[in-house]
Each structure stands twice: as structure tokens, then as C-alpha cells.
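S.K.: I would like the atomic coordinates for the input below:
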Amino acid sequence: MSVKAIRAMLIVGVLALGSGSALAQNAEVIKRGKDLATAADCVACHTGDPSKPFAGGDSIETPFGVIYGTNITPDKETGIGNWSDDDFVRAVREGVAPGRVHLYPAMPYPSFVKMSRADVLAIKAYLCSLPAIHQTNRETTVPFPFNQRWLMVFWNWLNLKGGELTPDPGHDQTWNRGRYLVEALAHCGECHTPRNVTEGVETSHNLGSGNLETWLAFNVTSDRNAGIGGWSEDEIAEYLLAGNVAGKASASGPMAQAIENSLQYLPETDLRAIAVYMKATAAIPDGSTRPRYAWGQPRRLLRQNLSDDRGEALFLGNCATCHGADGAGLGKGLGSYPSLFHHSSVGAADPRNLITVVLHGVDRKMTGVNVFMPSFADALDDRATATLVNYVREQFGNGSTDVTAEDVGRLRKGGAANITPLLVGTGVAAAVIIIIVIAVIVYLFRRRHAHVAAGT
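M.R.: I've put the predicted structure just below:
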């Protein structure tokens, strides 16, 4: 064999080794991107049809109208196939898609702005490794002036704060990982933090409970009564993994969805990191005299009157089969039916989670088991539902019996009043008021920067 032939074989071998190394490296990035996309629960908003993952179409109800998740598959016409790395990073962290299209903050970019560029691009690598699905994005339906996306420039100025999180040298690696997951990747504050008048998160009350219309995202700060300060790190990690901790809580609604799609798949080290960080958060009290889960006892006979008899009959006819005649629950393990006493939703001062669970049930798909409770919306009218909920709260919760049929009716229809009818009714007047507010914000913004430029 000639020297020339040997040299050519060596070059081919080196190139093959390099190619193999690049492929392995790319596969590692894609795997990391998949894990990150799972932790960020991207599928929740970007998958309307489970047979078309990440092709968009899922609806998100807001006070301003319905917003639809977009196609983020690598399709070049309807997805992100033609997006550059910078395009994708700007959309995820700043809420601005190619063509200077401003996204609504139903996309949690105020939290994702804290993610590292490398993590965002790993998610892009994973999405672009999936099959392209050609599915046109559904049109978001919000009224004027909220359909003017350029107005998000001012919203971002008010609410898009901070940047990429960097490790805090005052804390260990586990705490820093937990902070990154809670504050950025898993965006817990988007649900569990109250909103200001512009619907931006109220950072001064981080994780201090959030209004989700028909649901209340509970206070998850370290406060022992208002929050989860009385939970151990093991219990927090167990809840995130399984959605159930005996004597504390069981997940339903949006939290059940987050566990189903995302949290149950996180490695134990990440669940532990979240628990460590949350136990160390600043406590935000709310006047509670004991934890939500500390209320209640097994079923006891109430004073005998017509109202009590009706509530007891509803309980025995609709709840006792699964939760036990004494309310102590049935079974053990992931597929068990939880106790109604020493349960956060039953003991909470705000009854909306309990009402909504009765109306809509629970369907939490865990690995190996489906945790299910049927909806009673068709079986019970508003008055019967209120009577049942009051009975459950009096018997197993904090003793309150103030739920009315009107409360149930409002939650059955979707919670707080939507702003859209107000705009339709008030027409141009409402739009003018909003535009005036925006003009004032612009004026203040320019004035502020003028003072900074002048050194005042």
C-alpha cells in the first residue's frame, strides 16, 4: 500500500472519529433538552391533540379571552423550523417571536428570562429533533385594545425583570439548583404568586398564593400556617413525585396537570433540590392560625336538623363509597382515595378548590396508575353542591359553612367575570381609558430616562 493511500485512510479515520464524537455530543444535548422541556412542562400549553405533540392548539383561558398555544415542532411553515437560535432564545426569554411579534405572558417568559441561553438552545435542539407537524396555529381571540400586541412593550417594561440566574455563592449547589427550577425552569411563581393590577406577578409576595379563577394556587412559602413550613423535605419531594401525601394534600386541577406532565419525571435530585429551596423561602403569613392540613377529624353526628340531614345524605350517597363513611379515605399508596380530614383543600379558608373538585373531579395520570375522581357537575345542581361542600367543610375541615349556590354557579361558569363583555359593552370608552393609561406610562418612562441622562 502506498504512502498516499495510507494517508488517505488515516484522514478518513480521523474524520469518522470526529463525526462520531459530534453525533454523540449532539445526542447528549438533545437528551438534556428533552429533560429541560419536561421540567418546563412545555407540552401543557403546546399540545392540543396528544397524537400531535408540540403542534399547538391547546386553549388557555384568561380574563381577556382565549389564547392558544403555538406549534413548536420543526415544521418550516407553521412551526419553528426556520427560526434561528437567536429567534428562539428571544421568544423564550423575552416574549418576542420572529417578525417582532410580541407573545402574551400566558407564555411564562417572565420566568424563562432567568434561564441560561445554553438550556434554552438545548430545548430547541430537542424540539428540532422531533417530527415536523404541519398544523396552522389557531388565532388568539382577545378584544381591542389587547389584540394590539405592540402594547406588550409597555407591559414588559413594567413586569419583565431580572435576567439569567447565576449561582448564589452564599448557598450550596442543591439550593441553587432548587432556585433555578422553582424560579426559572418550572416557573412555579407564575401560578403560586399573586398578580398586580397589570396581571404581572407581584414579586414582593413571591409564592404567596395565586388566583387561577376557579382554583387557588396555595401559598407555598416556608410559613408554617399559611404555607408549607410544616412539611418535611421528604413530604414535599413525595408530593411533587406522586401528587399525594397522606395527612397533607392530594393534587388536583392545574397542579395535578403539572405533576402528570412534568414533575413526576424529574430526577430525585431535582425534587430534593426544589424541596430544599422551598423550605428556605421567605415566609409570607396570611393570618392563618393553623396549617390547612391540620383541620378536621373523622365523621361525627351533627346536630339533627333538615339541613344537616340533607348534607349527610349527599355525602353518604356521593362520597362515602370512595372516601369512607368516616372520611378517612380508602386504600394505601398512589391509587388510594385520600382522607377528607387533614387535607389542604378541605381545610383551606378559601373553598374554591374543594368546590371545583366536586364539580370537575380529578384525572391525574401517573406512571402505572390513573388517579381518578368523577365529576359531579351533572349529578348535583348548585344548591346541592353548596350543601355537600358545607357539610364536608363542617365535618372534616375548619368548620366553615358559608358556601352559597351562587358561589358554586360562578365557579361552574369559570370563576371571575371575564373582561371581554365589559369591553364589548363599553366599547370605545374602555379602549380610550386604556390608551390614556398607556400614554401616561410612556410619559413617565421618557421622563425617567431624561432624568437619568441629565444625572438627576
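S.K.: so Gln135, which state does it fall into?
M.R.: State at Gln135, reduced to three classes by DSSP: H, G, I helix; E, B strand; the rest coil: coil.
S.K.: got the phi/psi numbers for Ser250?
M.R.: phi -140, psi 140 (degrees, to the nearest 10).
S.K.: tally of neighbours for it?
M.R.: 25 (other Cβ atoms under 10 Å). All C-beta atoms are positioned from the backbone trio N, CA, C, and that covers glycine.
S.K.: what does Asp168 give?
M.R.: 10.
S.K.: quick one: it and Arg177 touch, right?
M.R.: No - if you go by Cβ atoms under 8 Å, Asp168 and Arg177 don't touch, sitting 11.2 Å apart.
S.K.: what ranges do the strands span in the protein?
M.R.: For the chain, applying DSSP state E gives strands covering 59-62, 65-68, 96-97, 101-102, 210-212, 215-217, 244-245, 249-250, 362-366, 369-373.
S.K.: what comes up buried for the fifth one?
M.R.: Neighbour counts using 16 or more other Cβ atoms under 10 Å place 210, 212 of strand 210-212 among the buried residues.
S.K.: and for stretch 320-336, what are the contacting residues?
M.R.: Under the contact criterion Cβ atoms under 8 Å, 6 or more residues apart in numbering, stretch 320-336 has outside partners 242, 244, 246, 296, 298-299, 316, 319, 337-341, 366, 368-371, 373, 392, 395-396.
S.K.: so how far is Arg90 from the closest residue to Asn71 other than its chain neighbours?
M.R.: Leaving out its chain neighbours, the residue that sits closest to Asn71 by Cβ to Cβ, 6 or more residues apart in numbering is Gly56, at 4.0 Å. As judged by Cβ to Cβ, to the nearest Å, Gly56 and Arg90 stand 19 Å apart.
S.K.: the two: who's more crowded?
M.R.: Gly56 (23 against 18).
S.K.: distance of the more buried one from Asp75?
M.R.: 10 Å.
S.K.: between those two, what contacts are shared?
M.R.: Contacts common to Gly56 and Asp75, judged by Cβ under 8 Å, 6+ apart, are Gln135.
S.K.: pLDDT weak spots in the stretch 251-400 of the chain?
M.R.: Low-confidence segments of the stretch 251-400 of the chain (pLDDT under 70): 301-308.
S.K.: go again with 50.
M.R.: Low-confidence segments of the stretch 251-400 of the chain (pLDDT under 50): 305-307.
S.K.: need the helices for it, in chain order.
M.R.: Assigned by DSSP state H, counting those that start in this stretch, the stretch 251-400 of the chain shows helices spanning 253-261, 268-279, 306-318, 320-323, 344-347, 352-360, 382-396.
S.K.: now do the buried residues in stretch 155-167.
M.R.: In stretch 155-167, counting by 16+ other Cβ under 10 Å, buried: 155-156, 159-160, 165.
S.K.: wait, what's in contact with Gly57?
M.R.: 47-49, 68-69, 71, 135, 137-138.
S.K.: could you redo the last one with a cut-off of 10 Å?
M.R.: By Cβ atoms under 10 Å, 6 or more residues apart in numbering, the contact list for Gly57 reads 45-49, 68-71, 135-138.
S.K.: what of Gly347?
M.R.: Gly347 neighbours (Cβ under 10 Å, 6+ apart): 249, 288, 290-296, 340-341, 354, 393, 396-400.
S.K.: among those, which ones are buried?
M.R.: Neighbour-count burial (16+ other Cβ under 10 Å) applied to the contacts of Gly347 gives 249, 288, 291-296, 340-341, 354, 393, 396-398, 400.
S.K.: check the offset of stretch 35-54 from the chain's centre.
M.R.: 13 Å (Cα atoms, centre = their mean, to the nearest Å).
S.K.: list the buried ones in it?
M.R.: For stretch 35-54, by 16+ other Cβ under 10 Å, it's 35-48, 52-54.
S.K.: now it: average pLDDT?
M.R.: For stretch 35-54, mean pLDDT rounds to 95.
S.K.: cool, stretch 412-420 as well?
M.R.: Stretch 412-420 comes out at a mean pLDDT of 60.
S.K.: quickly note the distance from Arg383 to Val389.
M.R.: Separation of Arg383 from Val389 (Cβ to Cβ): 11 Å.
S.K.: so what sits against both of the two?
M.R.: Contacts common to Arg383 and Val389, judged by Cβ under 10 Å, 6+ apart, are Val408.
S.K.: more neighbours: which of the two?
M.R.: The residue with more neighbours, out of Arg383 and Val389, is Val389; 26 against 14, by other Cβ under 10 Å.
S.K.: so that one sits right up against Gly311, yeah?
M.R.: Yes - contact criterion Cβ atoms under 10 Å: Val389 and Gly311 qualify, at 9.0 Å.
S.K.: joint contacts of these two?
M.R.: Common neighbours of Val389 and Gly311 (Cβ under 10 Å, 6+ apart) are Thr401.
S.K.: where along the stretch 1-150 of the chain do the helices fall?
M.R.: 3-39, 42-46, 85-94, 109-112, 117-128.
S.K.: mind listing what Ala405 touches?
M.R.: Ala405 touches 381-387, counting by Cβ under 10 Å, 6+ apart.
S.K.: quick one: it from Arg299, how far?
M.R.: Relative to Arg299, Ala405 is positioned 24 Å away (Cβ to Cβ).
S.K.: next one: Glu28
M.R.: Distance from Glu28 to Arg299, by Cβ to Cβ: 55 Å.
S.K.: more neighbours: these two, which one.
M.R.: Neighbours were tallied for Glu28 and for Arg299 using other Cβ under 10 Å; the higher tally belongs to Arg299 (22 against 12).
S.K.: surely that one touches Glu312?
M.R.: Yes - the pair Arg299 and Glu312 qualifies as a contact (Cβ under 10 Å) at a distance of 8.6 Å.
S.K.: intersection of neighbour lists for the two?
M.R.: Taking Cβ under 10 Å, 6+ apart as the criterion, Arg299 and Glu312 both touch 320, 391, 395.
S.K.: now, which of the residues you listed sits nearest Gly227?
M.R.: In terms of Cβ to Cβ, no member of the shared contacts of Arg299 and Glu312 lies closer to Gly227 than Gln395, at 25.4 Å.
S.K.: adding distance to Asp119, write the helices of the stretch 251-400 of the chain out as JSON lines.
M.R.: Below are these laid out as JSON lines (distance: least, Cβ to Cβ, whole Å):
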{"stretch": "helix 253-261", "distance to Asp119": "18"}
{"stretch": "helix 268-279", "distance to Asp119": "13"}
{"stretch": "helix 306-318", "distance to Asp119": "46"}
{"stretch": "helix 320-323", "distance to Asp119": "42"}
{"stretch": "helix 344-347", "distance to Asp119": "32"}
{"stretch": "helix 352-360", "distance to Asp119": "32"}
{"stretch": "helix 382-396", "distance to Asp119": "43"}
